[in-house]
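K.L.:
show me how the following folds:
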Amino acid sequence: MECSEEDCDRAAVVELHIPWDENRHVCAAHGRVLGRQDGVVADPRTEDGEDLLG
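P.N.:
Model prediction:
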């Protein structure tokens, strides 16, 4: 799965849970930036979409 951010073709490795919007699957770089917003929870994912935290 590719990063959901516009003009990014990296693999999505993080799922962002965003209270005011739909969840997004993003690459590590976008996950670091977008995950700093208040209320956003970043969940690490494997390349096949499995949740690393169980």
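
K.L.:
quick one: the helices in the chain?
P.N.:
28-34 (DSSP state H).

K.L.:
can you show me the strands along it?
P.N.:
14-17, 24-26, 41-44 (DSSP state E).

K.L.:
measure how buried Leu34 is and give me the count.
P.N.:
16 (other CB atoms under 10 Å). Backbone N, C-alpha and C define where each C-beta goes, glycine included.

K.L.:
hmm, it is touching Asp21, no?
P.N.:
No: Leu34 lies out of contact with Asp21 (CB atoms under 8 Å); the separation is 10.4 Å.

K.L.:
where in the protein is pLDDT low?
P.N.:
46-54 (pLDDT under 70).

K.L.:
about what we covered before: and of the strands of the chain, who's closest to Glu2?
P.N.:
strand 24-26 (8.3 Å; CB to CB).

K.L.:
find the residue closest to Glu15 in space, skipping its chain neighbours.
P.N.:
Excluding its sequence neighbours, the residue lying closest to Glu15 (CB to CB, 6 or more residues apart in numbering) is Asp43, at 4.4 Å.

K.L.:
and the one you found, how many residues sit next to it?
P.N.:
15.

K.L.:
how near is Arg10 to Gly31?
P.N.:
10 Å (CB to CB, to the nearest Å).

K.L.:
again with Trp20
P.N.:
17 Å.

K.L.:
next one: Ile18
P.N.:
Counting by CB to CB, the gap from Ile18 to Gly31 is 12 Å.

K.L.:
these two - which one has more neighbours?
P.N.:
Gly31 (24 against 15).

K.L.:
for that one, which residues are in contact?
P.N.:
Contact partners of Gly31, counting by CB atoms under 8 Å, 6 or more residues apart in numbering, are Val13, Val14, Leu16, Ala42.
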